[in-house]
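S.K.: sequence plus the predicted model coming up.
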Amino acid sequence: MMQADYVVIGAGSAGCAMAYRLAEAGKSVLVIEHGGSDMGPFIQMPAALSYPMNMPIYDWGLKSEPEPHLGGRVMATPRGKVIGGSSSINGMIYVRGHARDYDTWAEMGADGWSYADVLPYFKRMENWHDGGHGGDASWRGTDGPLHITRGPRTNPLTLAFVEAGRQAGYPVTPDYNGRQQEGFGPFDATIWRGRRWSAASAYLRPALRRDNCTIVRALARRVVIENGRATGVEVERGGKIEVIGARAEVIVAASSLNSPKLLMLSGIGPGKHLTETGVAVVADRAGVGQNLQDHLELYVQMNATQPVSLYSYWSLLGKAYVGARWLFTKTGIGASNQFESAGFIRSAAGVEYPDIQFHFLPIAVRYDGKASAEGHGFQAHVGPMRSPSRGSVTLRSSDPKAPPVIRFNYMSQDKDWQDFRTCIRLTREIFAQEAFAPFRGRELQPGERMQSDDELDSVIREHAESAYHPCGTCRMGRKSDPMAVVDPENRVIGVEGLRVADSSIFPLITNGNLNAPSIMAGEKAADHVLGRAPLAPQNDEPWINPNWRNSQR
């Protein structure tokens, strides 16, 4: 039987970080990954980001059940089935989240995961390059394995977005991952020397160069549990079922959708549901698969009156030029994800820290790569960051190959609709500023005639899309919490020798994209696994708008 000290299930964002840190400490590690190589150009070229998440070779192809509050739409839920996991198919945007997100985690029972506690881990993992755009160097790490850079920001639309935010009365921040998240400024991205810098590039490949770390290409079927302790993982490899043994621990890092599925297939989850599905109950944990959260967003799209957008490269010839230049030089349009300007604002007075995020893109296009209109345009992806709606992940059957049942329950609360309308109206106000006057044409989406609450609701119902940030389904908390799945040291409650480390452990979704917090979770969990004292807390106080109680901006 193949064995190692630690068996990590999933070579994704957190799993790669775990493998690196455990191997670095001299432990033997086996990483189980069902997906294949990440070396294709569609993954490695940043500007090609719309392709891999729509390719079955790289994506699990998971979909939600019909969403009742979105007109019964079935929502795509891409998750990386490839080395690097979702860090190999995502938009490469790097957002830590706001300090108050993690302080709330601690208040919810994730002791030791306040911002002061996690900030040292963000610094440890980062190799940050400001690109000449400024920032808070004392808040950032500069010698970690994860390269973080900024795009050239040469497109006039990209610069106009930040200036329009300033003209609308919002602050400009040189580094939303530093002291001040609130405001408009440059985006950080996991791109290095013109290529996607995924968790596989940063962590897994260096780990695999060691003699004590090996990757096993197989489908994890369940965790083997004997006398209340995880002793290995049952996998299917080459058409045969076998067990890979763990001398010390098994770590599940299979994503917020596949990690709860794997726990339930292993007998850990809501007892009644497991019994109904034909799975023997090992640990009755009601919270497994519950607390599912995500970010929804809408693309507010404008026609451009000047030929300054990326549409100039949207023809077959233009794409060929971009691809050829990137292939030979790793420069040009292809070397950026094109998300180069960001915005984080508060929706109303009385909201302490930002709850709306903007991704600006100098073209009007969908995530599937289809242009929404012939001609030049631009758009802002906008959505609320702290939806009160909660969903679930459950088993479809006891067959490990059957996809889980995913119910996000999007837009199930009145506050969701109020917040989304606010997002649209605030975006329109930003696009109406003088900075966009030289470029601003007609509104493509929602469309200028859509003004009333009912009209905006119809647009949201029909056109809101997932930002692909699912999390929360193996929530971290104190052992006394009946809905907690793991304790603050990532140990599965009720089973020895088993931990979970990925975005499924988040008690509350963080403010922004989830790749950075997912990697951080792997970094911090590794210290817990190794029995090390956590890195010393750093009590740097974040900037909070002094007028937040009385002013929206």
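M.R.: Great, that's in hand.

S.K.: just the pLDDT at the closest residue in space to residue 93 that isn't next to it in sequence, thanks.
M.R.: Of all residues not flanking residue 93 in the chain, residue 513 sits nearest, at 4.6 Å (CB to CB, 6 or more residues apart in numbering). Any C-beta I mention is one placed from the backbone N, CA and C, and that applies to glycine too. The score at residue 513 is 97. That number is its pLDDT.

S.K.: hang on, residue 513 packs against residue 96?
M.R.: No - at 9.6 Å, residue 513 does not count as touching residue 96 under the criterion of CB atoms under 8 Å.

S.K.: lowest average confidence, helix or strand, in this structure?
M.R.: helix 316-329 (a mean of 93; mean pLDDT, DSSP states H and E).

S.K.: dump that helix to PDB, restricted to CA.
M.R.: What follows is helix 316-329 as a C-alpha-only set of coordinates in PDB (Å, rounded to 0.1, in the frame of the first residue of the first chain):
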ATOM      1  CA  LEU A 316      -9.600  36.400 -35.200                       C
ATOM      2  CA  LEU A 317      -6.600  38.300 -36.500                       C
ATOM      3  CA  GLY A 318      -6.400  40.400 -33.400                       C
ATOM      4  CA  LYS A 319      -6.500  37.400 -31.100                       C
ATOM      5  CA  ALA A 320      -3.800  35.700 -33.200                       C
ATOM      6  CA  TYR A 321      -1.600  38.700 -32.800                       C
ATOM      7  CA  VAL A 322      -2.100  38.900 -29.100                       C
ATOM      8  CA  GLY A 323      -1.500  35.100 -28.700                       C
ATOM      9  CA  ALA A 324       1.600  35.100 -30.900                       C
ATOM     10  CA  ARG A 325       3.200  38.000 -29.100                       C
ATOM     11  CA  TRP A 326       2.500  36.400 -25.700                       C
ATOM     12  CA  LEU A 327       3.800  33.000 -26.900                       C
ATOM     13  CA  PHE A 328       7.100  34.400 -28.000                       C
ATOM     14  CA  THR A 329       7.700  37.300 -25.600                       C
END
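
S.K.: in it, what counts as buried?
M.R.: Across helix 316-329, burial judged by 16 or more other CB atoms under 10 Å covers 322-323, 325-326.

S.K.: now these in JSON lines, with distance to residue 88?
M.R.: Shown next, in JSON lines, are the buried residues of helix 316-329 (distance: CB to CB, whole Å):
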{"residue": "322", "distance to residue 88": "20"}
{"residue": "323", "distance to residue 88": "18"}
{"residue": "325", "distance to residue 88": "22"}
{"residue": "326", "distance to residue 88": "17"}
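
S.K.: can I assume residue 301 sits in a strand?
M.R.: Yes - the assignment for residue 301 is a strand, going by DSSP: H, G, I helix; E, B strand; the rest coil.

S.K.: now it, which residues is it bridged with?
M.R.: residue 379, residue 445 (DSSP bridges).

S.K.: if we can go back for a sec, just checking, next helix/strand downstream of the least confident helix or strand of the chain?
M.R.: strand 341-345 (DSSP states H and E).

S.K.: can you dump the C-alpha atoms of that following strand in CSV for me?
M.R.: What follows is strand 341-345, C-alpha atoms only, in CSV (Å, rounded to 0.1, in the frame of the first residue of the first chain):
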residue,chain,number,x,y,z
SER,A,341,-8.5,48.8,-11.7
ALA,A,342,-10.5,48.0,-8.6
GLY,A,343,-13.0,49.7,-6.3
PHE,A,344,-14.3,48.9,-2.8
ILE,A,345,-17.0,51.1,-1.4
